[in-house]
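Asker: return a 3D structure for these sequence lines:
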Amino acid sequence: MFREMRRGKQLLSMEDTMAVMNRCTNGVLACSGDEDYPYAVPLSYVYFNGKIYFHSAKAGHKIDAITQNPKVSFSVIDEDTIVSEKFTSYFRSVIAFGKARFVEGDEWLEAMKALVEKYSADQPEEVKHKEVSGCTQAYMIAIDIEHITGKEAIEYIKAKRN
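Answerer: This is a model prediction of the structure:
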């Protein structure tokens with residue numbers, strides 16, 4: 001159902017792909033938007049329990065798009081170094097495909113805790129707890145990943161061999 005990567009030599013291992021997902025702090029969610037226009041929106045996320053989670057206001061373009069069609073993709077860029085003399089950039093990125101869904105109950109709580117921990121791990125526990133318990137006006141959305149791949153510049157692959 002999902003295409004194989006055309007440049008298979010640049011495919012990241014699953015371990016390296018998960019490391020990118022854990023290391024990065026923002027990505028781009030792509031949905032089918034109004035009147036079939038693509039809608040891509042940058043957002044903060046957490047990769048937790050094999051899923052991508054993010055929070056959102058309860059109304060807006062993103063919510064409408066997910067409600068209308070839950071099939072989404074999500075991409076992150078881990079590295080993008082311009083190499084002007086070679087007219088290129090050395091990159092590392094991940095793209096995931098899956099279905100987005102609204103989460104509730106224990107899953108909402110655990111995902112919100114994971115999100116707060118990712119972005120505010122240095123804050124006191126009582127402050128983090130207050131933030132999580134006070135965040136009642138937000139949806140928590142999960143992307144159940146169906147396919148995920150990471151890719152990096154061939155120069156990074158060659159450097160690993162040396």
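
Asker: in the protein, which helix is the longest?
Answerer: Counting by DSSP state H, the longest helix found in the chain is helix 105-120.

Asker: alpha carbons of that helix, as CSV, please.
Answerer: Provided in CSV are the C-alpha atoms of helix 105-120 (Å, rounded to 0.1, in the frame of the first residue of the first chain):
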residue,chain,number,x,y,z
GLY,A,105,-9.5,9.2,29.4
ASP,A,106,-6.3,7.5,30.5
GLU,A,107,-4.7,7.7,27.0
TRP,A,108,-5.4,11.5,27.0
LEU,A,109,-3.8,11.9,30.4
GLU,A,110,-0.7,9.8,29.6
ALA,A,111,-0.2,11.5,26.3
MET,A,112,-0.5,14.9,27.8
LYS,A,113,2.0,14.0,30.6
ALA,A,114,4.4,12.8,27.9
LEU,A,115,4.0,16.0,25.9
VAL,A,116,4.6,18.2,29.1
GLU,A,117,7.6,16.1,30.0
LYS,A,118,9.1,16.4,26.6
TYR,A,119,8.9,20.2,26.6
SER,A,120,9.2,21.0,30.3
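
Asker: continuing past it, what's the next helix or strand?
Answerer: Downstream of helix 105-120, the next assigned helix or strand under DSSP states H and E is helix 125-134.

Asker: tell me which residues of the following helix or strand past that next one are tucked away?
Answerer: Tracing the chain past helix 125-134, the next element assigned as helix or strand by DSSP H and E is strand 138-152. Of the residues in strand 138-152, Tyr139, Met140, Ile141, Ala142, Ile143, Ile145, Ile148, Thr149, Gly150, Lys151, Glu152 count as buried by neighbour count, 16 or more other CB atoms under 10 Å. Just so you know, the C-beta spots here come from the backbone N, C-alpha and C atoms, and that holds for glycine as well.

Asker: re the thing from before, the longest helix of the chain packs against which elements?
Answerer: Contacts defined by 3 or more CB pairs under 8 Å, 6 or more residues apart in numbering; DSSP states H and E place helix 105-120 against strand 46-48, strand 51-57, helix 125-134, strand 138-152.

Asker: so which of the ones you listed gets nearest Arg3?
Answerer: Smallest distance to Arg3 across those (CB to CB): 9.0 Å, for strand 138-152.

Asker: which helices and strands sit right next to whichever helix or strand comes after the closest one?
Answerer: Once the chain leaves strand 138-152, the next helix or strand it forms, by DSSP H and E, is helix 154-161. In terms of contacts (3+ CB pairs under 8 Å, 6+ apart), helix 154-161 is packed against strand 88-103.

Asker: pull out the buried residues from the strand it packs on.
Answerer: Across strand 88-103, burial judged by 16+ other CB under 10 Å covers Tyr90, Phe91, Arg92, Ser93, Val94, Ile95, Ala96, Phe97, Gly98, Ala100, Val103.
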